[in-house]
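Colleague: Turn this into a model:
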Amino acid sequence: MSVQVGRNIWSAPTAGAGFCWRLPGVAPANVVILGGGVVGTNAAKIAVGMAPHVTIIDRSLNRLRGSNDIFNTTVVTLASNSWTTARI
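Modeller: Predicted coordinates:
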């Protein structure tokens with residue numbers, strides 16, 4: 001539900017920034033998910049269907065490897081550290 005709630009909050013009718021999801025001629029939305037556990041993986045599954053740019057950040061390299069196995073190249077996985085979180 002977190003991805004769907006975020007989409008509704010950022011939409012223009014709710015006084016958000018007006019990000020559109022998967023519309024031609026509109027810049028794609030970026031979704032960043034902190035944590036690649038059970039909840040993060042399920043949020044990523046929903047986000048992949050809504051936004052083309054999905055990034056999962058986690059401390060555990062094993063979880064990141066698991067996310068790569070699940071999503072192949074549709075999701076970017078990054079190790080969590082101060083540089084990565086400041087850049088995103």
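Colleague: Show me where this protein dips below the pLDDT cut-off.
Modeller: In the predicted model of the chain, residues 9-23, 25-27 satisfy pLDDT under 70.
Colleague: Swap in 80 and give it another go.
Modeller: Applying pLDDT under 80 to the chain flags residues 1-29, 50-52, 88.
Colleague: now the helices for it?
Modeller: Taking DSSP state H as the test, the helices found in the chain are 2-10, 38-50, 61-71, 82-87.
Colleague: now the end-to-end length of stretch 51-68.
Modeller: One end of stretch 51-68 sits 17 Å from the other (CA to CA, to the nearest Å).
Colleague: Ignore what I typed, I meant stretch 62-80.
Modeller: One end of stretch 62-80 to the other measures 13 Å (CA to CA).
Colleague: What residues sit buried inside that stretch?
Modeller: 63, 64, 66, 67, 71, 75, 76, 77, 78, 80 (16 or more other CB atoms under 10 Å). Where C-beta positions appear, they are placed from N, C-alpha and C, glycine not excepted.
Colleague: Nearest residue to the middle of the protein?
Modeller: Centroid-nearest residue in the chain: residue 31, 3.0 Å away (criterion: CA atoms, centre = their mean).
Colleague: show me what contacts the residue lying closest to that one once chain neighbours are set aside?
Modeller: Spatial nearest neighbour of residue 31, chain neighbours left out: residue 47 (4.3 Å); criterion: CB to CB, 6 or more residues apart in numbering. Residue 47 is in contact with 3, 31, 33, 54, counting by CB atoms under 8 Å, 6 or more residues apart in numbering.
Colleague: Please consider this matter closed, and thank you.
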